[in-house]
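A.B. asks: The amino acid sequence is not available; the structure is as follows:
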């Protein structure tokens with residue numbers, strides 16, 4: 001076999017063809033690389049974060065059923081045990097439906113010109129939300145699946161209205177509970193959740209701040225500043241005011257607590273209140289419920305960081321130490337005042353500690369959280385005993401005295417304990433692109449913001465709840481008859497008993 005030696009012209013032709021081929025290959029590679037680079041730039045959820053958020057959602061659900069249901073159920077009389085269990089279970093189920101249809105969209109979507117006050121309906125019926133949708137966390141470049149965020153926030157929407165029923169337990173019709181909670185969640189909870197928790201995505205703020213820093217002329221700076229203002233302004237009004245609420249001191253506890261007190265006042269006292277013994281029928285059930293609440297609260301607080309980081313661990317630790325401190329504090333205070341330490345007291349103290357640390361859990365240091373727990377129990381004990389007895393209102397299961405008062409102490413305490421000088425994490429400023437998002441803590445400014453959040457929640461929930469109670473009372477009536485109440489709501493409302501023995 002022989003080979004022909006290529007001519008010089010042939011070598012030139014081969015070289016030209018080779019260069020052309022390389023050029024085409026480079027162009028094709030560049031075209032392929034462009035979308036690949038864009039895809040790489042977009043943040044994707046971390047599997048560990050996703051697993052933690054779904055676990056946290058399950059833990060918060062456990063707080064409602066069976067945790068809260070057993071805690072409340074054990075505190076009422078035997079003839080109303082099934083009634084309370086049914087109310088809590090039914091509320092959880094109903095909110096799961098309404099949250100999916102419109103609640104999530106009202107709380108966590110852009111409301112256009114109404115954005116500071118309420119979201120819109122762009123995500124009603126889960127429109128535009130699928131397995132590929134993501135939601136921002138509190139870190140730059142970190143996202144989670146929107147479904148994970150949706151279901152986590154759903155569990156908060158479930159437990160909050162369920163807390164209210166403890167205030168008027170044993171004396172309200174089941175139909176009235178369902179209609180009131182439907183209205184309350186729609187007109188009270190969803191707006192307040194939007195006020196406090198609808199915030200700008202950190203990446204959007206940082207990108208707008210970077211664009212402003214990179215602007216070189218006056219026109220570009222003006223346009224960039226306008227964009228930054230647009231991003232930072234499209235938030236709930238309390239979030240925009242700088243109010244801090246890590247996991248729901250205002251949104252959940254003050255909100256439910258004041259609604260409970262208003263309900264207790266409007267519905268009136270239980271038949272025989274102050275004249276007949278109304279002792280808890282099963283402190284065993286109450287202790288089981290309180291313990292489930294404590295365990296589930298780790299999902300409530302630590303899950304509210306929306307990812308698995310050091311701040312998550314901080315919220316977990318703060319939840320542990322504040323609750324332990326509050327339980328012990330209540331026990332010792334009650335022992336000193338009444339002469340005996342009680343199981344109900346230590347369970348109530350644990351819940352008070354959980355309530356107080358909720359808004360501060362991701363902002364305070366462990367010692368600050370411990371102090372918060374030690375302080376909240378004496379205050380709540382004073383309200384559920386001295387104040388309630390002096391004023392004579394029938395807050396059956398002390399929803400106001402524990403949740404509202406504990407929530408107020410926690411919300412205001414958060415403004416103090418976030419201070420880095422006291423071991424807190426400090427203020428985050430996503431526009432500070434050169435200082436690791438470090439903001440400036442100012443005590444007066446922060447306490448004003450916290451005070452706004454507390455007062456706004458008390459007024460909106462208190463006045464709004466009063467209106468809703470009156471509407472329900474006019475339309476279907478709030479209370480059963482005296483005879484039905486004496487017989488017990490288990491039989492009169494549900495035709496069954498919690499116990500048949």
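C.D. replies: Perfect, thanks for sending it. All values reported here derive from a predicted model rather than from experimental measurement. Residues are numbered from 1 along each chain as shown.
A.B. asks: Tell me where this structure has strands.
C.D. replies: Ranges of strands within the chain are 134-136, 143-145, based on DSSP state E.
A.B. asks: Nearest to residue 458, out of the ones you listed?
C.D. replies: strand 134-136 (29.5 Å; C-beta to C-beta). Just so you know, the C-beta spots here come from the backbone N, C-alpha and C atoms, and that holds for glycine as well.
A.B. asks: Output the contacting helices and strands for that closest one.
C.D. replies: Applying 3 or more C-beta pairs under 8 Å, 6 or more residues apart in numbering; DSSP states H and E, one finds that strand 134-136 contacts strand 143-145, helix 146-164, helix 202-214.
A.B. asks: about what we covered before: of the strands of the chain, which approaches residue 393 most closely?
C.D. replies: So among the strands of the chain, strand 134-136 is nearest, using C-beta to C-beta, at 41.0 Å.
A.B. asks: Tell me which of the helices and strands packed on strand 134-136 approaches residue 80 most closely.
C.D. replies: helix 146-164 (15.7 Å).
A.B. asks: ok, how many other residues are close to the closest residue to residue 174 other than its chain neighbours?
C.D. replies: Spatial nearest neighbour of residue 174, chain neighbours left out: residue 493 (4.4 Å); criterion: C-beta to C-beta, 6 or more residues apart in numbering. If you count neighbours by other C-beta atoms under 10 Å, residue 493 ends up with 20.
A.B. asks: residue contacts, residue 493?
C.D. replies: 83, 86, 173-174, 480 (C-beta atoms under 8 Å, 6 or more residues apart in numbering).
A.B. asks: so how far is residue 127 from it?
C.D. replies: Separation of residue 493 from residue 127 (C-beta to C-beta, to the nearest Å): 37 Å.
A.B. asks: Quick check: of the contacts of residue 493, which lies closest to residue 135?
C.D. replies: Using C-beta to C-beta, the contacts of residue 493 come closest to residue 135 at residue 86, 33.4 Å.
A.B. asks: and the closest one, how many neighbours does it have?
C.D. replies: 20.
A.B. asks: So what's the residue count around residue 470?
C.D. replies: Neighbours around residue 470, by other C-beta under 10 Å: 12.
A.B. asks: try residue 42
C.D. replies: 9.
A.B. asks: and stretch 165-173, what's its mean pLDDT?
C.D. replies: Averaging pLDDT along stretch 165-173 gives 97.
A.B. asks: Return the per-residue confidence for residue 40.
C.D. replies: pLDDT, residue 40: 49.
A.B. asks: Same check on the one 5 residues further on?
C.D. replies: For residue 45, the model assigns a pLDDT of 96.
A.B. asks: what residues are up against it?
C.D. replies: 134, 143-145, 148.
A.B. asks: Could you tell me how far it is located from residue 199?
C.D. replies: 19 Å.
A.B. asks: what does residue 427 give?
C.D. replies: According to C-beta to C-beta, residue 427 and residue 199 sit 14 Å apart.
A.B. asks: now, which of the contacts of residue 45 sits nearest residue 367?
C.D. replies: residue 144 (30.4 Å).
A.B. asks: Give me the neighbour count for the closest one.
C.D. replies: 22.
A.B. asks: try residue 414
C.D. replies: Using other C-beta under 10 Å: residue 414 sits among 31 other residues.
A.B. asks: is it true that it touches residue 245?
C.D. replies: Yes. Using C-beta atoms under 8 Å, residue 414 is in contact with residue 245, at 7.2 Å.
A.B. asks: Now list whatever residues contact both of these two.
C.D. replies: Joint contacts of residue 414 and residue 245 (C-beta under 8 Å, 6+ apart) are residue 359.
A.B. asks: Give me the pLDDT for the nearest residue to residue 426 once chain neighbours are set aside.
C.D. replies: Nearest non-adjacent residue to residue 426, counting by C-beta to C-beta, 6+ apart: residue 420, 4.4 Å away. In this prediction, residue 420 carries a pLDDT score of 97.
A.B. asks: thought residue 420 was touching residue 441?
C.D. replies: Yes. Counting by C-beta under 8 Å, residue 420 touches residue 441, with 6.5 Å between them.
A.B. asks: which residues do the two both contact?
C.D. replies: The contact sets of residue 420 and residue 441 overlap at residue 426 (C-beta under 8 Å, 6+ apart).
A.B. asks: which one of the two has more residues nearby?
C.D. replies: Comparing residue 420 with residue 441 by other C-beta under 10 Å, the one with more neighbours is residue 441, at 17 against 12.
A.B. asks: Quick check: phi and psi on that one?
C.D. replies: Note on residue 441: its backbone torsions stand at phi -90, psi 130 [degrees, to the nearest 10].
A.B. asks: quick one: contacts for it?
C.D. replies: Residue 441 sits in contact with 418-420, 424, 426-427, where contact means C-beta under 8 Å, 6+ apart.
A.B. asks: quick one on the thing from earlier: so which of residue 427 and residue 199 has more stuff around it?
C.D. replies: Ranked by neighbour count (other C-beta under 10 Å), residue 427 and residue 199 place residue 427 first, with 20 against 17.
A.B. asks: if we can go back for a sec, go through the contacts of residue 441 and say which is closest to residue 152.
C.D. replies: For the contacts of residue 441, the nearest to residue 152 is residue 418 (22.9 Å; C-beta to C-beta).
A.B. asks: distance of that closest one from residue 329?
C.D. replies: In terms of C-beta to C-beta, residue 418 sits 22 Å off from residue 329.
A.B. asks: Neighbour count: those two, which is higher?
C.D. replies: Counted by other C-beta under 10 Å, residue 418 and residue 329 do not tie: residue 418 has more neighbours, with 27 against 23.
A.B. asks: Would you confirm that the more buried one contacts residue 425?
C.D. replies: Yes. Taking contacts as C-beta under 8 Å, residue 418 lies within contact range of residue 425: 6.5 Å.
A.B. asks: joint contacts of the two?
C.D. replies: Listed as contacting both residue 418 and residue 425 by C-beta under 8 Å, 6+ apart are 363-364.
A.B. asks: For residue 428, list the residues it contacts.
C.D. replies: 138, 437-439.
A.B. asks: Out of the helices and strands in the chain, which is least certain?
C.D. replies: helix 8-41 (a mean of 43; mean pLDDT, DSSP states H and E).
A.B. asks: Roughly how far does the residue nearest to residue 115 when sequence neighbours are not counted sit from residue 498?
C.D. replies: In this structure, residue 115 finds its nearest non-sequential neighbour in residue 234, 5.3 Å apart by C-beta to C-beta, 6+ apart. Separation of residue 234 from residue 498 (C-beta to C-beta): 49 Å.
A.B. asks: ok, these two, which is more surrounded?
C.D. replies: Taking other C-beta under 10 Å, residue 234 and residue 498 do not tie; residue 498 has more neighbours (21 against 17).
A.B. asks: residues in contact with that one?
C.D. replies: Here residue 498 is in contact with 73, 78, 81-82, 85, 490 (C-beta under 8 Å, 6+ apart).
A.B. asks: now these: which count as buried?
C.D. replies: Neighbour-count burial (16 or more other C-beta atoms under 10 Å) applied to the contacts of residue 498 gives 73, 81-82, 85, 490.
A.B. asks: returning to what we had before: would you list the contacts of residue 493 in CSV and tack on distance to residue 158?
C.D. replies: Listed next are those as CSV, based on distance: C-beta to C-beta, whole Å:
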residue, distance to residue 158
83, 19
86, 15
173, 21
174, 18
480, 25
